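# build me a structure from this.
(one chain, ligands or ions: 1)
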Amino acid sequence: MKNFNPADNIQDLQYFGEFGGVNPSISDSSTYTFLSAKTMFDTFEGNAEGCYLYSRHSSPSNLYLDKALAAMEGTESANVAASGMGAITPTLLQLCSHGDHIVSSRTIYGGTYAFLKNFTPKFGIRTTFVDITKLDIIEASITPETKVLYCETVSNPLLEVADIAGLAKIAKKHNIKLVVDNTFSPLSVAPAKLGANIVIHSLTKYINGSSDTVGGVVCASQEFINDLKNVNNGASMLLGPTMDSLRSASVMKNLRTLHIRMKQHSHNAQYLAEKFEKDGLKTVYPGLKSHPSHELYKGMINPEYGFGGMMTIDVGTLDKANELMELMQQRNLGYLAVSLGFYKTLFSAPGTSTSSEIPLEEQAAMGLTDGLIRFSIGLDNDIERTYSMMKACMLELGILDQSMVLAE
Ligand SMILES: *Cc1c(COP(=O)(O)O)cnc(C)c1O
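Numbers count the residues shown, from 1 in each chain. Below is the predicted model of the structure:
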């Protein structure tokens, strides 16, 4: 999407605070007064534009952030939530009822996987998990009951890339909704512009970027957002995963620097991935030519923001992975922690952490090995220095071979 620039869309929003402040005033109220009883009735019925009812439904601060995130994804509307899961679960429950079926990528966030595998069957919603890179298998998995095709743009933790335009075509043909979790690739990829119906983010990660809160958002048509917020049958309204106004105001301030951060995350990850691969480590990064979806992804991204900040290396065994992570933390190269999008590098072994919901045999089938370390590369100003220090840790632990590295 060459003409779609999400960072410009965010930049171009203009807000004035209640007293002329450069930041919109934070609405610190759970309930709102009405001058006339008639307006209160109309608001309940959803017919009073610009009126607020109760902050579980919406609040001025949340609407500002909704608007900015809708502008970022190029959708009509958006609805923020208290967490990424608070955005994903109401969306799926809104779209599916008892007897319905979902076709989902098998390499998705562990919480989403657990929700589809263990939780939604209680409500008679069945999911088939597929290899998201195989469009023919995906199409063959669609049944007359299928309502949703679900994937992540870049999957967690194996960094498989979903062909969103290809998936959108299949979804359209079968009249089902394509729901895309774009958490790993904000600004880089605009799934709605490639044909996705609904785009979801965990704001906890890159968008907020400071690892100080959880948050989520659903970006979609005005009609779907209204459905989610409907006081009679809206899953967001009734399940209640509402973001607090103070938090949405702080997330919005962080959103304004997202474009600068994404460029640095991508720059640093690209540098390290190239170096590690050259050193002979098994490295997975969509920005490497060796990545099976490199060409596909190259055609999907806004090149300004690069291939993102997530990469994995495989150091052979879980023991080696744990030793390396502990040593890197000791040397202050980052934190042994789950999550992503922080200014410091974060690393974890997905098999025993974020993907531990996935049974071991299924982990093996999808190529999720014991020695895999997932990195969320930080905003380090001097990435060459970081590389030298990481390499020193790997040499010390025998993960890299002295002779190979010296030969460089
Ligand atoms: C973290 C994450 C989620 C869940 O978000 P929370 O904010 O932790 O609820 C969903 N999808 C992806 C890809 C994630 O990384």
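
# would you mind listing what in this protein touches the ligand?
83-85, 109, 111-112, 152, 156, 181, 183, 202, 204-205, 214, 216 (CB under 6 Å from any ligand atom). For every residue, glycine as well, the C-beta is placed using N, CA and C.

# which of those residues fall within strands?
152, 181, 202, 216 (DSSP state E).

# could I get those residues as TSV with distance to Ser59 and pLDDT?
Shown next, in TSV, are those (distance: CB to CB, whole Å; pLDDT from 0 to 100):
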residue	distance to Ser59	pLDDT
Glu152	29	97
Asp181	25	98
Ser202	20	98
Gly216	16	98
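
# count of neighbours near Lys117?
Lys117: 16 surrounding residues under other CB atoms under 10 Å.

# and the furthest pair within the residues of the chain next to the ligand?
Farthest-apart pair in the residues of the chain next to the ligand is Glu152 and Val214; separation 17.5 Å (CB to CB).

# so which of the two has more stuff around it?
Remark: of Glu152 and Val214, Glu152 carries more neighbours, 25 against 19, as counted by other CB under 10 Å.

# residue contacts, that one?
105, 107-109, 162, 180-184 (CB atoms under 8 Å, 6 or more residues apart in numbering).

# buried ones among those?
105, 107-109, 162, 180-184 (16 or more other CB atoms under 10 Å).

# mind listing the strands for this protein?
77-81, 101-105, 126-130, 146-152, 177-181, 198-202, 216-220, 282-284, 310-314, 335-336, 346-348, 372-376.

# can you list those in TSV and add distance to Gly166?
Shown next, in TSV, are those (distance: least, CB to CB, whole Å):
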stretch	distance to Gly166
strand 77-81	25
strand 101-105	13
strand 126-130	13
strand 146-152	11
strand 177-181	10
strand 198-202	17
strand 216-220	20
strand 282-284	21
strand 310-314	22
strand 335-336	37
strand 346-348	31
strand 372-376	26
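
# out of the residues of the chain next to the ligand, flag the one nearest to the ligand.
Gly84 (2.2 Å; CB to the nearest ligand atom).

# list the contacts of the nearest residue to the closest one once chain neighbours are set aside.
Leaving out its chain neighbours, the residue that sits closest to Gly84 by CB to CB, 6 or more residues apart in numbering is Ser202, at 2.6 Å. Contact partners of Ser202, counting by CB under 8 Å, 6+ apart, are 83-85, 87, 109, 181, 183, 214-216.

# got the domain ranges for this protein?
6-255, 261-406 (automatic domain parsing).

# how long is stretch 334-350 from one end to the other?
Taking CA to CA, to the nearest Å, the first and last residues of stretch 334-350 lie 16 Å apart.

# low-confidence ranges in the stretch 151-300 of the chain?
Scanning the stretch 151-300 of the chain for pLDDT under 70 picks out nothing.

# ok, back up a step: where's the residue nearest to Gly84 relative to Ser339, distance?
9 Å (CB to CB, to the nearest Å).

# residues contacting the residue nearest to Thr89 when sequence neighbours are not counted?
In this structure, Thr89 finds its nearest non-sequential neighbour in Phe115, 5.9 Å apart by CB to CB, 6+ apart. Residues near Phe115 by CB under 8 Å, 6+ apart: 85, 88-89, 92.

# just the residues you listed: which are in helices?
Taking DSSP state H, the ones among the contacts of Phe115 that sit in helices are 85, 88-89, 92.

# picking that back up, from the buried ones among the contacts of Glu152, which two are the most distant?
Most distant of the buried ones among the contacts of Glu152, by CB to CB, are Thr107 and Asn182, 15.0 Å apart.

# thought Leu336 was touching Glu323?
No - counting by CB atoms under 8 Å, Leu336 stays clear of Glu323, with 11.2 Å between them.

# then stretch 68-80 to CSV, C-alphas only?
What follows is stretch 68-80, C-alpha atoms only, in CSV (Å, rounded to 0.1, in the frame of the first residue of the first chain):
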residue,chain,number,x,y,z
ALA,A,68,-6.1,7.5,16.4
LEU,A,69,-5.9,3.7,16.0
ALA,A,70,-8.6,3.6,13.4
ALA,A,71,-6.6,6.2,11.5
MET,A,72,-3.5,4.0,11.9
GLU,A,73,-5.2,0.9,10.5
GLY,A,74,-7.3,2.8,7.9
THR,A,75,-10.6,1.4,9.3
GLU,A,76,-13.8,3.4,9.9
SER,A,77,-13.8,2.9,13.6
ALA,A,78,-12.1,1.1,16.5
ASN,A,79,-12.8,0.1,20.1
VAL,A,80,-10.0,-0.1,22.7
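
# state the mean pLDDT of that stretch.
Averaging pLDDT along stretch 68-80 yields 98.

# cool, stretch 83-94 as well?
98.

# residues making contact with it?
So stretch 83-94 is contacted by 79-81, 102, 109, 111-112, 115-116, 120, 123, 125, 148, 150, 179, 181, 183, 198, 200-205, 214-218, 224, 227-228, 234-236, 239, 241 (CB under 8 Å, 6+ apart).

# can you flag the buried ones in those residues?
In those, the ones that pass as buried (16+ other CB under 10 Å) are 79-81, 102, 109, 111-112, 115-116, 120, 125, 148, 150, 179, 181, 183, 198, 200-205, 214-218, 224, 227-228, 234-236, 239, 241.

# and Glu304, how close does it get to the ligand?
Using CB to the nearest ligand atom, to the nearest Å, one gets 22 Å for the distance from Glu304 to the ligand.

# and Leu346, how far from the ligand?
Counting by CB to the nearest ligand atom, the gap from Leu346 to the ligand is 12 Å.

# wait, doesn't that residue sit right on Leu340?
Yes - using CB under 8 Å as the test, Leu346 is close enough to Leu340 to be in contact (6.1 Å).

# all helices of the stretch 51-200 of the chain, in order?
60-73, 85-95, 110-114, 135-141, 164-173 (DSSP state H, counting those that start in this stretch).
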